[in-house]
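1. pasted the sequence and its predicted model underneath.
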Amino acid sequence: MISEKIDIKITRVATSKLDNAEGLELQFGKIFTDHMFVADYENGQWTKLEIKPFQNIEMSPATSFIHYGQSIFEGLKAHATDDGEILIFRPQANSARLNSSARRLCMAELPEEIFLSAIKTLVDVDRNWMPKGEESSLYIRPFMFGTEEFLGVKPSGKYRFMVILSPSGAYYSKPLRVKVETHYARAMEGGVGSAKTSGNYAASLLPAREGFEAGYDQLLWTDAKTHARIEESGTMNAMFVLNGKIITPKTSTSILPGITRDSILTIARDWGYEVEERDVMVAELKNGLENGTLTEAFGVGTAATIAHISEIGIDGTDYKLPSIESREFSNKMASYLNNLKRGRENDTNNWLFKV
Ligand code: COI
């Protein structure tokens, strides 16, 4: 529940950009709505909670996050129901993860009430931006960064929390060819891999580009020490159907605890599937690809939802997976999740948050 005591000042645009948005082609994260949410943390308190027209932000070149990377973010989605209501999927889980990232990056935490109120009010103010179509949603990007001005290495004493919205289409437009990465690492045990912090994404860019130049859409990251265990994929967690069981790497300090990952595992267990969260070895995937027991592979994440993997490259050999149409579990789950988020299924886990 949101308490009424969260007071957000709202300044609306004079003219909506939507008036000129006719026929815009929706990609992922390229268009932003009319408004944004801003709040500042100073003297141990969150203050100046405000929704205002989407605009540039001005800051000192000495702002600490630019130099030392105290910067964290979240991603979640709002969907329209068939009756035109708006539902946000599991925002409490994103609030909890933002605070877990904040603790790891030594940043201020944000009360859940402010997080939920900011998102709900902003989505409501920009509700006309909800795109139509089964592939589309209103992507919500909350983020926080250190704003104190100094050059010594220490935690910032001031932070800014913001939320922006982007009407978005599908993140991936086709099944993915992925490469098992055995040279670079995304994260290591004891590092910040389980926090949703900007640097993890920066670290992934060069390896991803090299993979792309070699013909792969994404990477399957392995552990930094031995490169023998699968960790996650690109912007998503990774799941497989091996010998009829759903398997996925167990979370650790080097794997992001995905909310879509958790949702899928919960639903799969409810449906009676055997689910294993454990070490997933590259060798067993290779074996499963060779003997046909690896029947499905897919990435799971908020932006991508379920992204089918069509081919996996291991040590220079590309292995094709069975056709997308044959994939019973991931197809059924993708369709169920889409319907659940649009209010067409019973919300038995209380995951939907009405705007
Ligand atoms: C999300 O799935 O929301 C993400 O944060 C991935 C993103 C980096 C595009």
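-> Everything's here; your move. The structure displayed is predicted, hence computed values, not measured ones.

2. which residue, other than its chain neighbours, is closest to the closest residue to the ligand within the chain?
-> Residue nearest to the ligand within the chain (C-beta to the nearest ligand atom): Gly75, separated by 2.1 Å. Glycine gets a C-beta too; all of them are placed from N, C-alpha and C. Distances taken as C-beta to C-beta, 6 or more residues apart in numbering put Thr302 closest to Gly75, at 4.5 Å, once the chain neighbours are dropped.

3. could you give the number of residues near the one you found?
-> 22 (other C-beta atoms under 10 Å).

4. show me where pLDDT drops low in this structure?
-> Applying pLDDT under 70 to the chain picks out residues 1-4, 20-25.

5. which helix in it has the most residues?
-> helix 198-213 (DSSP state H).

6. may I see the buried residues of stretch 196-205?
-> Lys196, Thr197, Ser198, Gly199, Asn200, Ala203, Ser204 (16 or more other C-beta atoms under 10 Å).

7. let me fix that, I meant to ask about stretch 311-319.
-> Buried-residue list, stretch 311-319, by 16+ other C-beta under 10 Å: Glu311, Ile312, Gly313, Ile314, Tyr319.

8. mind putting the buried residues of stretch 196-205 into CSV with distance to the ligand?
-> As requested, the buried residues of stretch 196-205 are exported to CSV (distance: C-beta to the nearest ligand atom, whole Å):
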residue, distance to the ligand
Lys196, 7
Thr197, 11
Ser198, 10
Gly199, 13
Asn200, 9
Ala203, 13
Ser204, 9
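
9. between those residues, which is closest to Asn349?
-> Using C-beta to C-beta, Lys196 comes nearest to Asn349 of the buried residues of stretch 196-205, at 22.0 Å.

10. surely the closest one meets Leu76?
-> No: Lys196 is beyond contact range of Leu76, at 11.4 Å (criterion: C-beta atoms under 8 Å).

11. show me the helices in the protein, by range?
-> According to DSSP H, the chain carries its helices in the segments 64-68, 91-104, 112-125, 198-213, 259-270, 282-291, 328-341.

12. Ile306 is nearest to which of those?
-> helix 328-341 (4.2 Å).

13. so what does that closest one touch, helix or strand wise?
-> strand 237-242, helix 259-270, strand 294-301, strand 305-314 (3 or more C-beta pairs under 8 Å, 6 or more residues apart in numbering; DSSP states H and E).

14. what residues does Lys320 make contact with?
-> Ser310, Glu311 (C-beta atoms under 8 Å, 6 or more residues apart in numbering).

15. who does it bridge with?
-> Glu311 (DSSP bridges).

16. do you know how far it is from Ile230?
-> Distance, Lys320 to Ile230, using C-beta to C-beta, to the nearest Å: 18 Å.

17. for Gly191, same thing?
-> 17 Å.

18. who's more crowded, the two?
-> Ile230 (25 against 17).

19. excluding chain neighbours, what is closest to that one?
-> Val280 (4.4 Å).

20. isn't that neighbour up against Pro249?
-> Yes: the pair formed by Val280 and Pro249 meets the contact definition of C-beta under 8 Å, at 5.0 Å.

21. what number of residues lie near Ala334?
-> By other C-beta under 10 Å, 18 other residues sit near Ala334.

22. ok, now which ones touch it?
-> Thr305, Ile306.

23. residues from the stretch 201-350 of the chain in reach of the ligand?
-> Tyr201, Thr235, Gly301, Thr302, Ala303 (C-beta under 6 Å from any ligand atom).

24. ignoring the adjacent residues along the chain, who's closest to the second one?
-> Spatial nearest neighbour of Thr235, chain neighbours left out: Gly301 (5.7 Å); criterion: C-beta to C-beta, 6+ apart.

25. so who does the one you found touch?
-> Taking C-beta under 8 Å, 6+ apart as the test, what Gly301 contacts is Gly75, Tyr171, Thr235, Met236, Asn237, Gly258, Thr260, Arg261, Ala307.

26. please repeat the previous calculation with a cut-off of 10 Å.
-> By C-beta atoms under 10 Å, 6 or more residues apart in numbering, the contact list for Gly301 reads 75, 171, 232-238, 256, 258-261, 307.

27. tell me the one of the residues you listed nearest Ala102?
-> For the contacts of Gly301, the nearest to Ala102 is Leu256 (14.7 Å; C-beta to C-beta).

28. now the closest one: phi and psi?
-> Per-residue torsions, Leu256: phi -70, psi 130 (degrees, to the nearest 10).

29. settle this for me: it is touching Ala187, isn't it.
-> Yes: Leu256 is in contact with Ala187 according to C-beta atoms under 10 Å; the separation is 8.6 Å.

30. find residues that contact each of the two.
-> Gly193, Ser194, Ala195, Asn200, Glu231, Glu232.

31. could you dump the helices of the chain to a markdown table with distance to Ala297?
-> Listed next are those as a markdown table, based on distance: least, C-beta to C-beta, whole Å:
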| stretch | distance to Ala297 |
| --- | --- |
| helix 64-68 | 36 |
| helix 91-104 | 25 |
| helix 112-125 | 32 |
| helix 198-213 | 16 |
| helix 259-270 | 14 |
| helix 282-291 | 8 |
| helix 328-341 | 9 |
